[in-house]
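[1] Below is the sequence, then the predicted model.
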Amino acid sequence: MHYTFQQYQESAEYIRAQIGDFRPRVAMILGSGLGFLGDEVENATAVSYRDIPHFKASTAPGHKGQLVFGTLEGQAVAVMQGRMHHYEGYSYEEVSYAVRVLRLLGCDTLVVTNAAGCVNTAWKAGDLMLITDQIKIFMESPLRGENLPEFGPRFPDASKLYTPALRETARSAAKDLGIDLKEGVYMYFPGPQYETPAEVRFARTAGADAVGMSTAPEVITAGHCGMQVLGFTLLSNMAAGILDQPLSEQEVLDAAAACKDKFSRLVLECLKRM
Ligand code: HPA
């Protein structure tokens, strides 16, 4: 099934009726560990995914499944508390549905965060990475199917998905905060199984610094509809096969909790400067 432009409009209209005159500028999709920032939004209006026409509910544990509108560091934001993943059974179009709705509501910028496995052996678990580019060559694109020209062209350019000016903002924010910020390429794997050591070697050969199961579809959709994008990865663990130990979700959650303070300070400082 493919969504029509009218369905996106119906979702946006429902939300507009809840938020009145408020016009969000920055959309935020926060992954493992940073979802709490949604609770810090001031003058907040929360809209449950369940109530929005055509929206899917997010099933991942620890995800609230709501959009929070309000201000954060002086910016008018729309925070997605809970994202959809392909491994939950959603199509890529469903995974990135909200991005287009937020675009219709006025957002011109998307901030994405995630946790991912570290492929670069010069780095360590707990490091933060500014995403400079991405690789998503497995499976189809969220843009597959009839193009909706109201959002963007059939063959969109993807040479600067992660906006250079926002990357510069992040670099200077990290420097001023004394936070060591790596920079690198995020490679998407559909999951839900973690990668095999051979897949991690393949990712490294392909030029990846991190491997993860989210973000790339939403960023393709955001680029298609002309949004600026800023992306951060928390390198929660060394990717499979680098250390002689199995990967676990608990390790990811523990790393996210340990970095929560550093990560949120960086993201909030960037918001302030955007
Ligand atoms: N691989 C894929 N996704 C992840 C990982 C990983 O090692 N860590 C956290 N999310």
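    Happy to help now that I have it.
[2] only C-alpha atoms for contact and neighbour calcs from this point on.
    Will do.
[3] Does A17 lie in a helix or a strand, and which?
    helix 5-19 (DSSP states H and E).
[4] what's near enough to touch the residue most central in space within the chain?
    Geometric centre of the chain, nearest residue: V112, 3.1 Å, by C-alpha atoms, centre = their mean. With contacts defined as C-alpha atoms under 8 Å, 6 or more residues apart in numbering, V112 is in contact with 28-31, 215, 229-232.
[5] Now do the lengthiest helix in the chain: which elements does it pack against?
    If you go by DSSP state H, the chain has its longest helix at helix 249-273. Contacts defined by 3 or more C-alpha pairs under 8 Å, 6 or more residues apart in numbering; DSSP states H and E place helix 249-273 against helix 164-177, strand 228-238.
[6] Get me the contact residues on the stretch 151-274 of the chain for the ligand.
    194-195, 211-213, 236-237, 239, 252 (C-alpha under 6 Å from any ligand atom).
[7] what does the stretch 1-150 of the chain give?
    115-117.
[8] which one among the residues you listed gets closest to L266?
    A115 (15.0 Å; C-alpha to C-alpha).
[9] Mind pulling the model confidence for that closest one?
    Here, the pLDDT recorded for A115 equals 93.
[10] Against H224, how distant is it?
    Noted for A115: a distance of 24 Å to H224, by C-alpha to C-alpha, to the nearest Å.
[11] Who has more neighbours out of the two?
    A115 (29 against 21; other C-alpha atoms under 10 Å).
[12] residues contacting the nearest residue to C259 once chain neighbours are set aside?
    Using C-alpha to C-alpha, 6 or more residues apart in numbering and skipping residues adjacent in sequence, the residue nearest C259 is G126, 6.6 Å away. Residues counted as contacts of G126 (C-alpha under 8 Å, 6+ apart) are 234-237, 255, 258-259.
[13] about what we covered before: looking at the helices and strands packed on helix 249-273, which one is packed in the most?
    strand 228-238 (a mean of 27; mean count of other C-alpha atoms under 10 Å).
[14] Quick one: list the elements packing against that strand.
    strand 109-118, strand 128-135, helix 164-177, helix 216-224, helix 249-273.
[15] Give me the angle between that strand and strand 109-118.
    20 degrees (axes from the mean of the first three to the mean of the last three C-alpha atoms, to 10 degrees).
[16] one step back: where among the helices and strands packed on strand 228-238 is the average confidence lowest?
    Going by mean pLDDT, the lowest-scoring of the helices and strands packed on strand 228-238 is helix 249-273, which has a mean of 90.
[17] Tabulate the residues of the stretch 151-274 of the chain next to the ligand in CSV, adding columns for distance to D180.
    Formatted as CSV, these follow (distance: C-alpha to C-alpha, whole Å):
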residue, distance to D180
Y194, 26
E195, 26
V211, 20
G212, 21
M213, 24
S236, 15
N237, 17
A239, 20
V252, 20
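[18] Just name the closest of those residues to the ligand, please.
    Among these, G212 lies closest to the ligand (C-alpha to the nearest ligand atom), at 3.5 Å.
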